[in-house]
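# sharing a model that was predicted from the sequence below.
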Amino acid sequence: MMSVSVNPWDALRRFTDARIALGRAGSSLPTAPLLAFNLAHAQARDAVHRPLDVEALRSALLSKGFDTATVESAAPSRDVYLRRPDLGRRLSDESATCLESHATGADLVFVIADGLSSSAASMHAIPLVERTMARLEGWRIGPVVIATQARVALGDCIGAILKARMVAVLIGERPGLSSPASLGVYVTFDPVRGRSDAERNCISNVRPEGLAYDAAAFKLAYLLNEARLRKLTGVALKDESAATLPERTTDRLPSE
């Protein structure tokens with residue numbers, strides 16, 4: 001019977017979700033890591049194709065006192081969305097018309113978008129919005145817009161129609177083999193159709209196992225406040241939020 005060779009670095013696995021120290025069975029992987037890889041791959045595929053439960057998300061937002069609006073991109077189906085990223089960056093004609101009634105000229109609009117992982121939007125968006133709003137003072141917040149078949153740039157169209165000064169798109173990131181539900185946040189000042197990615201700021205890997213909600217909200221609130229002050233986002237706005245953290249004190253052992 002072939003024995004499994006244990007990797008002496010196996011203890012490092014408790015520090016990361018990355019696939020390290022998997023061991024070896026002859027010239028191949030042991031059965032357990034191979035099955036875990038296949039499961040992770042299936043979960044990533046499912047995350048891409050699983051539809052966003054719009055009604056459940058909308059009900060949760062309403063129960064917490066948020067005004068909401070729902071929109072769809074110009075991609076008529078998930079298959080088309082995956083093949084035509086350009087359609088995911090534009091609103092459908094019907095959604096654009098319906099959204100006009102919500103235009104209030106708010107300082108900020110949050111957009112919760114399915115992107116490439118609806119699970120990330122369902123799980124992480126509301127906790128992040130709540131924690132971020134608790135850090136914002138004197139802001140006029142527009143309705144939370146739920147967007148399906150959406151790419152990041154769809155937020156530009158939404159912000160422009162709502163006449164918002166700024167838009168923050170909370171969107172499901174491309175699933176990886178260690179995380180099928182990771183949320184990304186993209187902040188754009190003066191959103192109009194045609195903005196480039198260089199004109200946005202990004203916060204990625206928002207999830208309890210990655211960038212925790214409170215830490216992400218701290219960074220997001222910092223970027224929003226700085227963007228409003230400087231009237232810009234993107235490569236000209238650096239995330240220097242760490243410099244605003246209070247200094248950590250070092251506990252000292254009593255002298256013997």
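Great, that's in hand.
# what are the boundaries of the helices in this structure?
31-49, 54-63, 78-83, 93-99, 118-133, 154-161, 213-230 (DSSP state H).
# please identify the most buried of the ones you listed.
The highest average neighbour count among the helices of the chain, using mean count of other CB atoms under 10 Å, belongs to helix 154-161 at a mean of 26. Placement of C-beta: from N, CA and C, glycine included.
# same for that helix, what does it pack against?
helix 93-99, strand 108-113, strand 144-148, strand 166-172, strand 183-189 (3 or more CB pairs under 8 Å, 6 or more residues apart in numbering; DSSP states H and E).
# list of residues touching it?
71, 73, 88-91, 96, 99-100, 103, 109, 111, 113, 145, 147, 164, 166-169, 186, 188, 191-195 (CB atoms under 8 Å, 6 or more residues apart in numbering).
# just to revisit the earlier point, can you say which of the helices of the chain is nearest to residue 199?
Residue 199 lies closest to helix 154-161 among the helices of the chain, at 9.2 Å (CB to CB).
# got any ranges where the chain has weak pLDDT?
1-10, 13, 246-256 (pLDDT under 70).
# hang on, the earlier thing: tabulate the helices of the chain (JSON lines), appending distance to residue 236.
Formatted as JSON lines, these follow (distance: least, CB to CB, whole Å):
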{"stretch": "helix 31-49", "distance to residue 236": "33"}
{"stretch": "helix 54-63", "distance to residue 236": "32"}
{"stretch": "helix 78-83", "distance to residue 236": "31"}
{"stretch": "helix 93-99", "distance to residue 236": "29"}
{"stretch": "helix 118-133", "distance to residue 236": "22"}
{"stretch": "helix 154-161", "distance to residue 236": "18"}
{"stretch": "helix 213-230", "distance to residue 236": "8"}
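# and of those helices, who's closest to residue 24?
It's helix 31-49; of the helices of the chain, that one is closest to residue 24 (CB to CB) at 9.7 Å.
# so which of the helices and strands packed on helix 154-161 is nearest residue 36?
Closest of the helices and strands packed on helix 154-161 to residue 36 is strand 166-172, at 22.4 Å (criterion: CB to CB).
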